[in-house]
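In: Need a 3D model of the following:
(chains A and B)
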Amino acid sequence: MSAQPANEIRITLPDGSVRTTTRGATGADIAAAIGPGLAKAALAVKIDGEMKDLDLPIEKDAKLEIITRKSDEALDLIRHDTAHLLAQAVQALYPGTQVTIGPNIEDGFFYDFARNEPFTPDDLPKIEAKMKELVRADLPTKRTVWERDKAVKHFLELGETYKAEIIRDLPADEEVRVYYHGDWHDLCRGPHLASTGKIGTAFKLTKISGAYWRGDAKNAQLQRIYGTAWRDEKELAAYLQRLEEAEKRDHRKIGREMHLFHIQDEAVGQVFWHPKGYTLFRTLENYIRRKIKRADYVEVKTPLLLDRTLWERSGHWAKYRENMFIAEVEHEKKTLAVKPMNCPGHVQIFNQGLKSYRELPIRMAEFGACHRYEPSGALHGIMRVRGFTMDDAHIFMRPDQMIDEAIAASRLIFETYKELGFDNVQVKLATRPENRIGSDEIWDQSEAHLAEACKRMNCPYTLSPGDGAFYGPKLEFTLFDAIGRGWQCGTVQIDFNLPERFEAEYVAEDGSRQRPAMLHRAVLGSMERFIGVLIEHYAGKFPLWLAPVQAVVATIVNDADGYAKEAAAALKLAGLRVETDLRNEKINYKVREHSLAKAPYLLVVGRKEAEARTLSVRKLGTDKQETVALDALAKQLLAEATPPDMV
RNA sequence: GCUGCUGUAGCGUAGGGGUAGCGCAACGCCUUGGUAAGGCGUAGGUCGUGAGUUCGAUUCUCACCAGCAGCACCA
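Out: Alright, predicted model coming up:
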């Protein structure tokens, strides 16, 4: 390699080409050297993979990429700058407001403020207007590096106690950077766009909420303003449209419209399942029932109310009482608690009679109605409730069977999700929390077992440190719905607490008494929540086997009533869920109504059909019609309505 | 639980110190119409609950309950 003059550096561009430039040149200089168009479009640079300001002098050879509005990274830059813009606007409009942090989040950003007066929704348009004003002013950005103590002192003098705290907590080797946007300044790691004008105006403030300082409920509550920001107005409009789409899928709305369930004040957080909703519930339940039967589970039912002493023994009274519904029984001076979990009940069944190692594993399943006192703010439709049904099971086994059982349970979960229409599933391994029981040795072993199970299944997973249950580590299964939202549903947990506390035993091969290992697993998790997910995933347009009403026979004229009833009866006899609509309404009206009600098949009969013993079939989502003979139709629909596990 | 907002007929909404309208749904009559809203009419509300202010409260104030959006929580 030839010697390089001391004042020159070599810049490698993404296409592999190398440019030689003066030491201390900036990203902006290099962009300008490449072309005026690029210079204008440049937002920031990536130097050796790290995002930097356009005006940062480059002192040594580097790989460099010019970031423009088109780059993937552009959104992050725009959003971060918009967050600053928000803070600047807020401080201009509401003097005395302290700034804290303002990170990017999915689709946008937020900024947390400390202010005595609350923000109201009316403030958002005012703040937005101010932000746009600042964009028009095109204030230049200036990066400055401060000496730490001076920075702390400076922000304290401004009354910015949170900022001062952040600076104090910065790692000792980190530069304290303060960015100016015009006169306004903020502590920030950067990078930033060259001026406020570069941000554009494709942003919108979306909501206000309370948020705890550093995410801890023990700390002061700040006021958070959320916003979204995009490259251009078109992207912003598309995003807002996406939000609208999600709103249309809301299970609370669809649940009401499709007469699936309701919730009322006298039973907060509990679901009244209507006939149609409960049809869905039972269909799903029976599907799971078939699957676990095949997987050699046994099904049980255990009491809802159990005496306090049992919960004391299980450890729930000490660790979980806050979340339990307690019933004082006056007549007997007893305290009972409604079960928040099924596990203690299942151990009671296991403990009836002496078990041999030959009987293990025992896979004990229950569709168990559990009740937990969830914080009022956590309740959400049927997704987060206080009374719910778990598709629960506990597997009692020899310790050496644990990995195989964890694999079998995980496979059941994957298979079920796939059959239900969810192809993308992610797995997390949640490891030991701070507050836990059991020796480190047991935890080491249990975590290793779950990791080994994943490895043998060839299943990638991410670690979720500290998120395990107090009694053992767990695998968490998150599925992704039609619009990309993740839902944590299934779980496989190792429990070394309960067998110990209830002194569960089996007789081993050598005649000794041994403690069984226990695996706790749920596939759907909560039936209620899972049905909520299904509603939103399918937007109420369920696959035929799940649809509460599978077909509606609608008449055109009253003369066809008799045949319509006959046809509906025949389809019902074949095993389909069918309704008739004989009302004195025009067919257009009926088509519209049943389409909106999301009936998968509309079977229209008029004089012609009655005569020929056929039905005019119209499938939901199409406007095509097909005339099919009654017998053939029954077969066709029945085939389509076959549950995925019976295909 | 915390912050903010909201609560009017089954659903969606208007209004506002003088006891409430509209649309859809419901019900009745007319219409029997061939694939996304036929016509006319009727009924339905102690305006979330309780207190206070007032001659008078659904409207204003307070408390409570519930819902919504976040935050925290989700063993």
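
In: Residue A:644 contacts residue A:416, correct?
Out: No. Using CB atoms under 8 Å, residue A:644 makes no contact with residue A:416, being 9.1 Å away. Where C-beta positions appear, they are placed from N, C-alpha and C, glycine not excepted.

In: Against RNA strand B, how distant is the closest residue to residue A:146 other than its chain neighbours?
Out: Using CB to CB, 6 or more residues apart in numbering and skipping the chain neighbours, the partner closest in space to residue A:146 is residue A:176 (4.6 Å). As judged by CB to the nearest atom of the strand, to the nearest Å, residue A:176 and RNA strand B stand 26 Å apart.

In: What segments of the stretch 301-450 of chain A are strands?
Out: Assigned by DSSP state E, counting those that start in this stretch, the stretch 301-450 of chain A shows strands spanning A:305-307, A:326-329, A:334-338, A:355-356, A:362-371, A:387-397, A:425-430.

In: returning to what we had before: more neighbours: residue A:644 and residue A:416, which one.
Out: Applying other CB atoms under 10 Å to residue A:644 and residue A:416 shows that residue A:416 carries more neighbours, namely 24 against 16.

In: What spatial separation is found between the closest residue to RNA strand B within chain A and residue A:217?
Out: Closest residue of chain A to RNA strand B, CB to the nearest atom of the strand: residue A:377 (1.6 Å). According to CB to CB, to the nearest Å, residue A:377 stands 11 Å off from residue A:217.

In: do the same with residue A:467
Out: Counting by CB to CB - residue A:467 and residue A:217 are separated by 18 Å.

In: Which one's more surrounded, the two?
Out: Between residue A:467 and residue A:217, counted using other CB under 10 Å, the more crowded position is residue A:467 (15 against 6).

In: Could you tell me the model confidence score at residue A:3?
Out: Listed pLDDT for residue A:3 reads 60.

In: Repeat that for residue A:8.
Out: Residue A:8 is given a pLDDT of 80.

In: list the contacts for it?
Out: Residue A:8 is in contact with A:20-23, counting by CB atoms under 8 Å, 6 or more residues apart in numbering.

In: Would you mind giving the residues you listed as a markdown table with distance to residue A:420 added?
Out: Shown next, in a markdown table, are the contacts of residue A:8 (distance: CB to CB, whole Å):
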| residue | distance to residue A:420 |
| --- | --- |
| A:20 | 59 |
| A:21 | 58 |
| A:22 | 62 |
| A:23 | 61 |
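
In: per the record, what domains does chain A have?
Out: Here the domain parsing of chain A from automatic domain parsing is A:8-67, A:74-240, A:261-538, A:551-646.

In: and the end-to-end length of the first one?
Out: The first and last residues of domain A:8-67 sit 23 Å apart, counting by CA to CA, to the nearest Å.

In: again, but for stretch A:19-34
Out: Termini of stretch A:19-34 sit 10 Å apart (CA to CA).

In: For that stretch, buried residues please.
Out: A:21, A:25-31 (16 or more other CB atoms under 10 Å).

In: Sitting in helices, which of these do you find?
Out: A:27-31 (DSSP state H).

In: which one of those residues sits closest to residue A:126?
Out: residue A:28 (34.5 Å; CB to CB).

In: distance of the closest one from residue A:191?
Out: Per CB to CB, residue A:28 is found 12 Å from residue A:191.

In: repeat for residue A:469
Out: 42 Å.

In: Of those two, which one has the most company?
Out: Neighbours around residue A:469 and residue A:191, counted as other CB under 10 Å, are more numerous at residue A:191. The numbers are 27 against 19.

In: I figured the more buried one hits residue A:44, correct?
Out: Yes. Contact criterion CB under 8 Å: residue A:191 and residue A:44 qualify, at 4.9 Å.

In: tell me, what's touching these two both at once?
Out: A:51-54, A:77.
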